[in-house]
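Asker: Sequence and predicted structure, then a few things I'm wondering about:
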Amino acid sequence: MVDDTFIIGLVLRLPVVLFALTVHEFMHAWTAYKCGDDTAYRMGRVTLNPLPHLDPIGTLCLMFAPIGWAKPVPVNPANFDYETRKRSEALVSVAGVAANFGLAAVLAGLVRLLVWQGALAENQLGLILWRMLSLAIIVNFGLGVFNLLPIPPLDGSHLARLFLPLGLADRYVQLRRYGIFLLLGIVLLNRYTGLLIWPILGLTRLFAGSNGTDAILWYAFGAGT
């Protein structure tokens, strides 16, 4: 039998995860469009509607496991201006990560202010809102950190490729066939070492402060609903 606490937690995580993924992919598509490539725009990806962005399996994995993904935004670098193509590719690659980091930083700053004011949950509704706020911070920082890993097909690999010599970049791209195995290895390593947890906590503490981070962790993982 499925525990009621698990069901409630899933219901609260769902909008948080959907919004984080949607913002990430929207920013990729919007940045590509602004840089001159309308491929994603013509496919309806420059939208905050989550449905065009979601990969069903990837979303389910992010809900139930420490790894997940959305549909990659199609980008045709040939549509960028030749003289600024590398810059445009870099901007598109970093746009999703920047959006997640920016959103998490703003929300963490809000938590810092709320904790300083002593505005903690006083009822069931407050507890739900605090839990969703805390999850949003962790999920968005987590997506940002994870996507910066230089492992194909993550955003970090696109950035790394742009700064490698041509021959080495071509060989680096070939790692894509092993990407899923490398990512699973990172997830397993993280399970035992906290490899990804420490930068997420560090970023949270930077913007939310120590007391704010304690509140975020308690509401996200320790509070009942």
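Answerer: That came in fine, so what should we check first? Worth saying up front: this structure is predicted, and the values here are computed from it rather than measured.
Asker: so what's the residue nearest the centre of the chain closest to, chain neighbours aside?
Answerer: Nearest residue to the geometric centre of the chain (CA atoms, centre = their mean): Leu143, 2.3 Å. Nearest-residue entry for Leu143: Asn100, 4.7 Å, with adjacent residues in sequence omitted and distances by CB to CB, 6 or more residues apart in numbering. Any C-beta I mention is one placed from the backbone N, CA and C, and that applies to glycine too.
Asker: just checking, the residue nearest to the centre of the chain touches His24?
Answerer: Yes: judged on CB atoms under 8 Å, Leu143 makes contact with His24 at a distance of 6.1 Å.
Asker: what residues are shared contacts of these two?
Answerer: Listed as contacting both Leu143 and His24 by CB atoms under 8 Å, 6 or more residues apart in numbering are Val97, Asn100.
Asker: How about residues contacting stretch 116-136?
Answerer: In contact with stretch 116-136 (CB under 8 Å, 6+ apart) are residues 12-13, 15-16, 19-20, 103-104, 107, 110-111, 114, 211, 215-217, 219-220, 223-225.
Asker: for this structure, what are the low-confidence residue spans?
Answerer: For the chain, residues meeting the criterion pLDDT under 70 lie at 1-4, 6, 62-68, 223-225.
Asker: Which helix in it has the most residues?
Answerer: Determined from DSSP state H, the single longest helix within the chain is helix 85-117.
Asker: Give me the next element, helix or strand, following that helix.
Answerer: On the C-terminal side of helix 85-117, the closest following helix or strand by DSSP states H and E is helix 124-147.
Asker: residues of that following helix that come out buried?
Answerer: 127-128, 130-147 (16 or more other CB atoms under 10 Å).
Asker: What of stretch 101-115?
Answerer: The neighbour-count check on stretch 101-115 (16+ other CB under 10 Å) flags Phe101, Leu103, Ala104, Ala105, Leu107, Ala108, Val111, Arg112, Leu114, Val115 as buried.
Asker: Now render the residues you listed as a markdown table, adding distance to Thr84.
Answerer: A markdown table is the format used below for those (distance: CB to CB, whole Å):
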| residue | distance to Thr84 |
| --- | --- |
| Phe101 | 24 |
| Leu103 | 27 |
| Ala104 | 29 |
| Ala105 | 28 |
| Leu107 | 33 |
| Ala108 | 33 |
| Val111 | 38 |
| Arg112 | 38 |
| Leu114 | 42 |
| Val115 | 43 |
